[in-house]
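> return a 3D structure for these sequence lines:
(chains A and B)
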Amino acid sequence: MTEHPAGGHAGAADGHPGRVRVRFAPSPSGDLHVGNIRTALYDWAFARHTGGTFVLRIEDTDQTRVTPEYIDSALDTLRWLGLDWDEGPGVGGTYGPYLQSERLGRYAEWAQRFLETGHAYYCYCTQEELAERRAAARASGGPSGYDGHCRDLTAEQVAAYQAEGRKPAVRFRMPSGSTTFSDLVLGEVTVDNAHVPDFVLVRADGSPLYTLAVAVDDVLMKITHVVRGQDLLSSTPRQIAVYRAMGVAEDEFPAFAHLPYVLGKDGQRLSKRNGVVSVNWYRHEGFLPEAICNYLALLGWSPGENRESFTLAEMAAEFDLARVSKNPAQFDAAKLEAINGDKIRALDRGDFATRITPFLQRAGLVADPVSEEEARLIEAGAPLIQERISRLTEAVGMLGFLFTGEADFAVDPGDAAKVLTPDAAPVLKAAEAALADVTPWKWEAIKEALHLALVEGLGLKPRQAFAPVRVAVTGRRVSPPLYESIELLGRERTLARLARALSASA
RNA sequence: GGCCCCGUCGUCUAGCGGCCCAGGACGCCGCCCUCUCAAGGCGGUAGCGCCGGUUCAAAUCCGGUCGGGGCUACCA
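Have a look, this model is predicted:
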């Protein structure tokens, strides 16, 4: 595997002569979900693979749903994942601004031109009237889109509506015929325009809609490839119609690639109800960005040859839209977690220690910034748990015993009830005696002493012998390896905990 | 209802006419290792939706059918 994220196949994918320009254009009305990120990842990988430009544009024309907080959060999430953009919020670029809310004038201008050229018309229908006619059309079995009511209003009709005080929306006049485009993932797609109703470009309040803004911006920003979710497939004929109305030459149209859906656990569309979909949630839960990217990459794309593990750079080097699946994929959190465990184990020791530190801090186990002693314990404890956890948050439970003072230390009640029974008293007593004068205080010597006292001395099976000691010292039945844990804890604290457990179990 | 897209193990996928009585991964089950839990090793479970057609030969091509999803908004 080569390490060249940028491949230099500029424009090769489908005959576009110029440099590739791909955009990711989210409309952040909440946390970015795994489906959004999968799209962003493919957009990014395609741009990097072709040596093109990755443009980030925020589609915030619906300001009731998209807030500045969500936008900031989206940018933060993308940065965290390592999906860097070449043009967009924060980095600028020659085709900005990159927030649609700052480009309103351009949309208004084009809407006005469409009105003048007859590509668009004013529609005075009210929402109630539309809903009523839609229901009627559907009941009679016909297409349920806009019926063209205001397409060819007479001057008198317009005057009458205006006299009523109606505020018109601007509607696009969809031409007859059909629209065919070659989708880089799906192949050739043809749609009869009769099934594409005249759509609204500008709301009655003057604000532009997606259908107008997306087409205008893709043209103005010189986008060559529109790689997006399949939910937008049916809007493609409309988008193409707007290009034509704008006077864009056919061979200047961007190429389209519609990615298959990412579905929830139940095979239904992603939502809060069928599994956790917020990428920020996974981040908070201790998932690595490299694991999220690797897993999401696999949802609809595969490098072939049974390879499943790769870095972002490797993905960029190999990514190819032709290998993108047409099938929808179900999001499987269990596999994500398995990959997360792999990525955690692949981290080098120092990196792993660095990554778990914020989680220990958040749990209040260590200070921020960490003290010298805490840093020493983290560094020494990290290797003990690195291959035992699949989420960084698990470090809290595994290493908590090291960072808890003797006054606050408490054994898990459930584990205590199961293990620290009266039967355990002799074991704890023997362990206490054996550890009292072990030298040196190293895990090898500790191991030897405990074996001598418990396995040979008391004739216990290792399993039975070490369970009470483990619970007494670490507070849980599941812990890092015992001898190493004891060494790290130190003689004084270990003996104190054994004594305390002894008095509790007696 | 109309239109569009899709259909290989439970899930993600490899496969693009013979290499496939279908390979990998996650999950699940068993065994080994073992101070717990993991990790690791070994083995197992399970699939080409269905019906026709083309072909010497089909998971791979074609048609139909059934099933799933999406769109049908003054959301994106």
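
> what's the mean pLDDT across stretch A:313-324?
Averaging pLDDT along stretch A:313-324 yields 94.

> residue A:306: how many residues sit nearby?
6 (other CB atoms under 10 Å). To be clear about C-beta, it is placed using only N, CA and C from the backbone, and glycine gets the same treatment.

> wait, a strand at it?
No. In this structure, residue A:306 is coil, not part of a strand, as judged by DSSP: H, G, I helix; E, B strand; the rest coil.

> phi first, then psi, for it.
When quoted as degrees, to the nearest 10, the phi and psi of residue A:306 stand at phi 60, psi 20.

> around RNA strand B, pick out the residues from the stretch 401-506 of chain A.
A:447, A:462-463, A:466-467, A:470, A:477-484 (CB under 7 Å from any atom of the strand).

> please pick the buried ones from the residues you listed.
If you count burial by 16 or more other CB atoms under 10 Å, the buried members of those come out as A:447, A:466, A:467, A:470, A:479, A:480, A:482, A:483, A:484.

> flag every buried residue along the worst-scoring helix or strand of chain A on mean pLDDT.
Ranked by mean pLDDT, DSSP states H and E, the weakest helix or strand in chain A is helix A:127-139, scoring a mean of 84. Neighbour counts over helix A:127-139 (16+ other CB under 10 Å) mark A:130, A:134 as buried.

> show me which residues of the next helix or strand after it are buried.
Following helix A:127-139 in sequence order, the next helix or strand is helix A:155-163 (DSSP states H and E). Neighbour counts using 16+ other CB under 10 Å place A:158, A:161 of helix A:155-163 among the buried residues.

> mind checking the SS state of the closest residue to residue A:212 other than its chain neighbours?
Among residues not flanking residue A:212 along the chain, residue A:201 sits closest, at 4.1 Å (CB to CB, 6 or more residues apart in numbering). Three-state call for residue A:201 (three-state DSSP): strand.

> contact partners for residue A:201?
A:111, A:114, A:120, A:169, A:170, A:171, A:172, A:208, A:209, A:211, A:212 (CB atoms under 8 Å, 6 or more residues apart in numbering).

> which of these come close to RNA strand B?
Within these, those near RNA strand B by CB under 7 Å from any atom of the strand are A:169, A:209, A:211.

> same question for stretch A:495-506: list its buried residues.
Quick answer for stretch A:495-506 (16+ other CB under 10 Å): A:495, A:496, A:497, A:498, A:500, A:501, A:502, A:505.

> how about residues contacting the helix or strand where the fifth one lies?
Using DSSP H and E, the element containing residue A:500 is helix A:491-505. Judged by CB under 8 Å, 6+ apart, the contacts made with helix A:491-505 from elsewhere in the structure are A:406, A:409, A:411, A:416, A:420-422, A:424-425, A:428-429, A:431-432, A:435-436, A:438, A:441, A:468-469, A:471-473, A:486, A:489.

> before we move on, back to that, from the buried ones among the residues of the stretch 401-506 of chain A next to RNA strand B, which two are the most distant?
The widest separation within those, taken as CB to CB, falls between A:467 and A:484 and amounts to 16.8 Å.

> ok, residue A:53 touching residue A:43?
No. Assessed by CB atoms under 8 Å, residue A:53 is found out of contact with residue A:43, at 11.0 Å.

> residues shared between the contacts of those two?
With CB under 8 Å, 6+ apart as the test, residue A:53 and residue A:43 both reach residue A:22.

> enumerate the residues of the stretch 251-400 of chain A near RNA strand B.
A:260-261, A:263, A:267-269, A:298-300, A:302, A:304-306, A:308, A:322-323, A:325-330, A:332, A:334-335, A:338, A:341-342, A:345, A:387-390.

> coming back round to it: how about CSV for the ones next to RNA strand B among the contacts of residue A:201, with neighbour count, pLDDT and secondary structure added?
Formatted as CSV, these follow (neighbours: other CB atoms under 10 Å; pLDDT from 0 to 100; DSSP: H, G, I helix; E, B strand; the rest coil):
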residue, neighbour count, pLDDT, secondary structure
A:169, 24, 93, strand
A:209, 19, 93, coil
A:211, 18, 93, helix
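
> between the residues you listed, which sits nearest residue A:148?
For those, the nearest to residue A:148 is residue A:169 (13.9 Å; CB to CB).

> touching, the closest one and residue A:203? I think so.
Yes. Residue A:169 is within contact range of residue A:203, at 5.7 Å (criterion: CB under 8 Å).

> could you check how far the closest residue to residue A:94 other than its chain neighbours is from RNA strand B?
Nearest in space to residue A:94, with sequence neighbours left out and distances taken as CB to CB, 6+ apart, is residue A:87 at 7.5 Å. Distance, residue A:87 to RNA strand B, by CB to the nearest atom of the strand, to the nearest Å: 18 Å.

> what secondary structure does residue A:189 sit in?
strand.

> and it, how many residues sit next to it?
For residue A:189, using other CB under 10 Å, the count is 16.

> the one 4 residues further on too?
Neighbourhood size, residue A:193 [other CB under 10 Å]: 15.

> pLDDT weak spots in chain A?
Within chain A, the stretches with pLDDT under 70 are A:1-18, A:271-275, A:506.

> export the ones next to RNA strand B among the contacts of residue A:201 to CSV and tack on distance to residue A:80?
Shown next, in CSV, are these (distance: CB to CB, whole Å):
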residue, distance to residue A:80
A:169, 39
A:209, 31
A:211, 32
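
> contacting residues for the nearest residue to residue A:327 once chain neighbours are set aside?
Once flanking residues are discounted, residue A:327 sits nearest to residue A:260: 5.6 Å by CB to CB, 6+ apart. Going by CB under 8 Å, 6+ apart, residue A:260 touches A:185, A:230, A:300, A:324, A:325, A:326, A:327, A:328, A:329.

> before we move on, the earlier item: any idea how many residues pack against the residue nearest to residue A:94?
Neighbourhood size, residue A:87 [other CB under 10 Å]: 19.

> next one: the one 4 residues further on
Residue A:91 has 13 neighbouring residues, counting by other CB under 10 Å.

> what about the residue nearest to it when sequence neighbours are not counted, which SS state?
Nearest residue to residue A:91 in three dimensions, chain neighbours excluded: residue A:85, at 6.5 Å (CB to CB, 6+ apart). What three-state DSSP gives for residue A:85 is coil.

> list the residues that contact residue A:85.
Per CB under 8 Å, 6+ apart, neighbours of residue A:85: A:24, A:44, A:54, A:55, A:56, A:78, A:91.

> of those residues - the most surrounded one?
Ranking the contacts of residue A:85 using other CB under 10 Å puts residue A:44 first, with 28 neighbours.

> is it possible to export the residues of the stretch 401-506 of chain A next to RNA strand B to CSV including secondary structure?
Listed next are these as CSV, based on three-state DSSP:
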residue, secondary structure
A:447, helix
A:462, helix
A:463, helix
A:466, helix
A:467, helix
A:470, helix
A:477, coil
A:478, coil
A:479, coil
A:480, coil
A:481, coil
A:482, helix
A:483, helix
A:484, helix
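
> export those to CSV and tack on distance to residue A:74?
Formatted as CSV, these follow (distance: CB to CB, whole Å):
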residue, distance to residue A:74
A:447, 51
A:462, 52
A:463, 50
A:466, 49
A:467, 48
A:470, 45
A:477, 42
A:478, 37
A:479, 39
A:480, 38
A:481, 42
A:482, 45
A:483, 47
A:484, 42
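
> in stretch A:449-460, what counts as buried?
A:449, A:450, A:451, A:453, A:454, A:457, A:460.

> quick check: end-to-end length of it?
Using CA to CA, to the nearest Å, the end-to-end distance of stretch A:449-460 comes out at 14 Å.

> SS state for residue A:66?
Relying on three-state DSSP, one would call residue A:66 coil.

> thought it was touching residue A:29?
Yes. Using CB under 8 Å, residue A:66 is in contact with residue A:29, at 5.4 Å.
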